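**Q** what would the 3D arrangement of this be:
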Amino acid sequence: MSSKTMAMQLEITELGNPVLRREAEHVEDIGDPEIQDLIDDMILTAEAASGVGIAAPQVSKSLRIFIMAGTSSPRYPDAPKTETKVIINPEIVSVSEEVEKGFEGCLSIPGIRALVPRHKLVRTVYRDRDNNTVEETFSDFAARVFQHEYDHINGLVFLDRVESSVEIITEKEYMKLAAQHDSEKQE
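**A** Prediction:
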């Protein structure tokens, strides 16, 4: 049983901190109260930062845990609403041949977005916070988030996947593009 009563917002680790470039460690005891508290803290931290996901290395914990947040946010207004998922010790079983480029940002690299190629579909196996084995296939936006967070637990950031530096833009310019795209859709 956890001694902590409430989740706490954690500081987000930024690019340059070595924990983001290390392969994270396998979680041995998912039921450990410290692990369960960390999960609650990560969920709160992702929500507070308007993130669609967060990985343990982003809060300075080198563990194979990430959260896929289930709501759209100012940073990702078109994100589909889904159930928040806790992903522990994940593996990618297979991926689609079809790859699609899409803009990504990262809580650990504030102010930057880039076009990142990702597989449109990923088949995965992972443990949930209750230590159940889950086999799940993610597609489109959810597949992108899964791959982004999976990279984090393997010591990679989205900029490592960018094919050309020309495809890197500031958050401010991204928001202008998004607003322009929305107004064009309404016409």
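**Q** all contacts plus neighbour counts: C-alpha atoms, from now on.
**A** Noted.
**Q** in the biggest strand by length in the chain, which residues are buried?
**A** Counting by DSSP state E, the longest strand found in the chain is strand 85-95. For strand 85-95, a neighbour-count test (16 or more other CA atoms under 10 Å) marks 86-90, 92, 95 as buried.
**Q** next one: that strand to chain centre, how far?
**A** Counting by CA atoms, centre = their mean, to the nearest Å, strand 85-95 is centred 12 Å from the centre of its parent chain.
**Q** quick check: neighbours of it in the sheet, parallel or antiparallel?
**A** Strand 85-95 sits in its sheet next to strand 65-68 (antiparallel), strand 121-127 (antiparallel), going by DSSP bridges.
**Q** out of those, flag the one nearest residue 110.
**A** strand 65-68 (18.5 Å; CA to CA).
**Q** list of residues touching the closest one?
**A** 27, 39, 42-43, 46, 52-56, 84-90, 145-146, 149-150, 153 (CA atoms under 8 Å, 6 or more residues apart in numbering).
**Q** and residue 64, how many neighbours?
**A** Using other CA atoms under 10 Å, residue 64 has 23 neighbouring residues.
**Q** look at it and report its pLDDT.
**A** The model reports residue 64 with a pLDDT of 98.
**Q** can you check residue 186 too?
**A** 70.
**Q** and if you look at residue 50?
**A** On the pLDDT scale, residue 50 gets 87.
**Q** quick one: it from residue 16, how far?
**A** From residue 50 across to residue 16, the span is 22 Å (CA to CA, to the nearest Å).
**Q** again with residue 29
**A** 29 Å.
**Q** same question, residue 41
**A** Counting by CA to CA, the gap from residue 41 to residue 16 is 23 Å.
**Q** just to be sure, residue 151 is in a helix?
**A** Yes. Residue 151 forms part of a helix when assessed by DSSP: H, G, I helix; E, B strand; the rest coil.
**Q** and for residue 45, the neighbour number?
**A** 21.
**Q** give me the three-state assignment for it.
**A** Look at residue 45: counting by three-state DSSP, its state is helix.
**Q** which one is it nearest to, not counting chain neighbours?
**A** Ranked by CA to CA, 6 or more residues apart in numbering and with sequence neighbours excluded, the top spatial neighbour of residue 45 is residue 9, at 4.8 Å.
**Q** how about residue 7?
**A** Nearest non-adjacent residue to residue 7, counting by CA to CA, 6+ apart: residue 41, 4.8 Å away.
**Q** pretty sure that neighbour is in a strand, no?
**A** No. Read with three-state DSSP, residue 41 is helix and lies in no strand.
**Q** ranges for the helices of this structure?
**A** Listed from the start of the chain, the chain has helices (DSSP state H) covering 33-48, 140-153, 171-186.
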